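J.: Have a look at this prediction, sequence included:
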Amino acid sequence: MFLAIDAGNSNVVFALFDEKSGKWTNQFRLETKTNKLISQLSKKVPVYFLEHSLTPADIVSIGMSSVVPEINSILIDFCKSYFGREPFQITEKSYQNLPIKSLRPQEIGADLMCNVMAAWDRYQSPVIIVDFGTALTFTVVDEEGIILGVNIVPGLKTAIKSLFINTAKLPEVELKLPESAIGKNTIHAIQAGVLYGYTSLVKGMLQTIRDELKSDFKVVATGGLSAILTTLESDFDQVDKNLTLEGLRLITLKNQIR
Ligand SMILES: Nc1ncnc2c1ncn2[C@@H]1O[C@H](COP(=O)(O)OP(=O)(O)O)[C@@H](O)[C@H]1O
Ligand SMILES: CC(C)(COP(=O)(O)O)[C@@H](O)C(=O)NCCC(=O)O
Ligand SMILES: [K+]
């Protein structure tokens, strides 16, 4: 089995791909927070494997995408000790023989490159990938697979958390779409503001990008929070929570074959 490790700013996702069935069969998340990560890795990964009748020897290849440099060595050391092998780490060097191209390979997040790889593999046409993670990102890819640019705004949870942190009286609220766009109490006010506000942000951003480029794009949504804005269903051609994982697998494969 192939193991994908996708280290984002909130969660490190472990996902297993079974080559026989061609499916992502298992997935679990740990919190990225560095102080907890080492103990979580050594406790939770072996327990997960045991509970799912898996053994470290089932893993024949590991690919890792990280946008959190300070945990890279923790993850690599864990792979060496538990799986007995190093992960293939996605870096700017991994992009040289791909059908997609970034004009700023040292700068773009590895997760965004993975997203582009998977979306390009699927559509091979202009595409915008909207990733609902800690950050909410829009990655714009042209008809030749060249990444035209990335837009970054605070993610939904990040926006809610920042209100809680930066105010005296606002609570941290659940990410839930209220029935009315007009807040009837403080909790609803934040939920309506962030969830309806972000609905308009996403719709508006997609339209602004289309207007600027004077062309149409497929739109693929991904990320842990991609299903929360049900108000956006008609704006996406596809919602695929495994997009980053799939791209991570494809980039690892391309690099291992050479
Ligand atoms: N199935 C889910 N339902 C609700 N929230 C989720 C789910 N999966 C992930 N999340 C939350 O979504 C947020 C973004 O997750 P993710 O896309 O993995 O972010 P990142 O890549 O920045 O770590 C996190 O706060 C995570 O806890
Ligand atoms: C934009 C991001 C913070 C998104 O991270 P995430 O929300 O997945 O944790 C990450 O892709 C990153 O650090 N990128 C570097 C800058 C860039 O992509 O241009
Ligand atoms: K991510």
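T.: Happy to help now that I have it. Numbering: from 1, shown residues only. Ligands and ions are numbered 1, 2, ... in the order given.
J.: Could you list the low-pLDDT ranges of the protein?
T.: Within the chain, the segments meeting pLDDT under 70 span 258.
J.: If we use 80, what do you get?
T.: The model of the chain has pLDDT under 80 over residues 257-258.
J.: any chance you could map the strands in this structure?
T.: Taking DSSP state E, the strands of the chain run over residues 2-7, 11-18, 23-31, 61-66, 88-89, 101-102, 127-132, 135-141, 146-154, 218-222, 238-239.
J.: Just give me the neighbour total for the closest residue to ligand 2 within the chain.
T.: Nearest residue of the chain to ligand 2, counting by C-beta to the nearest ligand atom: residue 109, 2.1 Å away. Placement of C-beta: from N, CA and C, glycine included. Residue 109 has 22 neighbouring residues, counting by other C-beta atoms under 10 Å.
J.: Thought residue 67 was touching it, still the case?
T.: Yes: at 4.6 Å, residue 109 and residue 67 qualify as touching, with contact defined as C-beta atoms under 8 Å.
J.: Let's have the strands of the chain in JSON lines, adding distance to residue 208 and mean neighbour count.
T.: As requested, the strands of the chain are arranged in JSON lines below (distance: least, C-beta to C-beta, whole Å; neighbours: other C-beta atoms under 10 Å):
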{"stretch": "strand 2-7", "distance to residue 208": "29", "mean neighbour count": "23"}
{"stretch": "strand 11-18", "distance to residue 208": "30", "mean neighbour count": "20"}
{"stretch": "strand 23-31", "distance to residue 208": "33", "mean neighbour count": "15"}
{"stretch": "strand 61-66", "distance to residue 208": "28", "mean neighbour count": "23"}
{"stretch": "strand 88-89", "distance to residue 208": "35", "mean neighbour count": "18"}
{"stretch": "strand 101-102", "distance to residue 208": "22", "mean neighbour count": "18"}
{"stretch": "strand 127-132", "distance to residue 208": "11", "mean neighbour count": "25"}
{"stretch": "strand 135-141", "distance to residue 208": "10", "mean neighbour count": "23"}
{"stretch": "strand 146-154", "distance to residue 208": "9", "mean neighbour count": "15"}
{"stretch": "strand 218-222", "distance to residue 208": "13", "mean neighbour count": "23"}
{"stretch": "strand 238-239", "distance to residue 208": "21", "mean neighbour count": "16"}
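J.: any chance of those in JSON lines, with distance to ligand 1 too?
T.: Converted to JSON lines, the strands of the chain look like this (distance: least, C-beta to the nearest ligand atom, whole Å):
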{"stretch": "strand 2-7", "distance to ligand 1": "7"}
{"stretch": "strand 11-18", "distance to ligand 1": "4"}
{"stretch": "strand 23-31", "distance to ligand 1": "6"}
{"stretch": "strand 61-66", "distance to ligand 1": "10"}
{"stretch": "strand 88-89", "distance to ligand 1": "16"}
{"stretch": "strand 101-102", "distance to ligand 1": "19"}
{"stretch": "strand 127-132", "distance to ligand 1": "6"}
{"stretch": "strand 135-141", "distance to ligand 1": "7"}
{"stretch": "strand 146-154", "distance to ligand 1": "11"}
{"stretch": "strand 218-222", "distance to ligand 1": "8"}
{"stretch": "strand 238-239", "distance to ligand 1": "12"}
